Each structure stands twice: as C-alpha cells, then as structure tokens.
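*Asks:* I would like the atomic coordinates for the input below:
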Amino acid sequence: MYCNLIISHHCMCYELGYFTDEEVEASLYHIFGNEIVRSFWEKTRAPRGRTAPHGGLMRKFYDMTELAYLRRVDGDGVT
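*Replies:* Have a look, this model is predicted:
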C-alpha cells in the first residue's frame, strides 16, 4: 500500500513540475534499493504500462520509473 503511495506521489510531483527528469530517475533509483518496493513494481508495472496514455507525462514517468528499476536491478545484480 505505501509503495503505491510513494510511486504515485513521485508521479504527481513530476506531473506538477516539482521534479525534473533527472531528479525523478535518481530518486526512484534510490527507492528501488528497497526489496519491498522492487517487488511491488514487479507486480504492478505491466498494468500501469497498459493504462498510462502514450505521449503524456504519466507515460513518460512510468517509462523513467521502469528505467530506474532496471538500472537498479542490473546494477546491483538483484534478481
């Protein structure tokens, strides 16, 4: 539940212009250092990808989130 709140809060801040692309990616990379958050994203990433409109800020945010997740997983050797 709190994982959704954390990611949704970041999305809202990004959509409102409080975070730059670089800030979002760096923050999410840090957040994905937590196993619980990674597990949550693994379970919810596909549905989020299907529901976010292409070309919008939410879609861009989810794309950046996925990149931060993959960078964390690949960089740390997390499976």
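*Asks:* now the lowest-mean-pLDDT helix or strand in the chain: how far from the chain's centre is it?
*Replies:* Across the helices and strands of the chain, the lowest-confidence element by mean pLDDT, DSSP states H and E is helix 35-51, at a mean of 86. Using CA atoms, centre = their mean, to the nearest Å, the mean C-alpha position of helix 35-51 is found 8 Å from that of the whole chain.
*Asks:* and it, what does it pack against?
*Replies:* Judged by 3 or more CB pairs under 8 Å, 6 or more residues apart in numbering; DSSP states H and E, the packing partners of helix 35-51 are helix 2-15, helix 57-76. C-beta coordinates here come from the backbone N, C-alpha and C atoms, glycine included.
*Asks:* residue 37 is nearest to which of these?
*Replies:* Distances from residue 37 to each of the helices and strands packed on helix 35-51 were compared by CB to CB, and the smallest falls on helix 2-15, at 5.1 Å.
*Asks:* could I get the closest one in CSV with only the CA atoms?
*Replies:* Output for helix 2-15, consisting of C-alpha atoms alone and laid out as CSV, is shown next (Å, rounded to 0.1, in the frame of the first residue of the first chain):
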residue,chain,number,x,y,z
TYR,A,2,2.7,2.5,0.9
CYS,A,3,4.7,1.6,-2.1
ASN,A,4,1.9,2.7,-4.3
LEU,A,5,1.7,6.0,-2.3
ILE,A,6,5.4,6.6,-2.7
ILE,A,7,5.4,6.0,-6.5
SER,A,8,2.1,7.9,-7.0
HIS,A,9,3.5,10.8,-5.1
HIS,A,10,6.6,11.0,-7.2
CYS,A,11,4.3,10.8,-10.3
MET,A,12,2.2,13.7,-9.1
CYS,A,13,5.2,15.8,-8.3
TYR,A,14,6.7,15.1,-11.7
GLU,A,15,3.4,16.0,-13.5
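*Asks:* and the contacts of it?
*Replies:* The contact list for helix 2-15 (CB atoms under 8 Å, 6 or more residues apart in numbering) reads 19, 24, 27-28, 31, 36-37, 40-41, 44, 57-58, 61-62, 65.
*Asks:* same thing with stretch 57-72?
*Replies:* Where contact means CB under 8 Å, 6+ apart, the residues beyond stretch 57-72 that reach it are 7, 10-11, 14-15, 21, 24-26, 28-29, 31-33, 38, 41, 45, 48-49, 52-53, 78.
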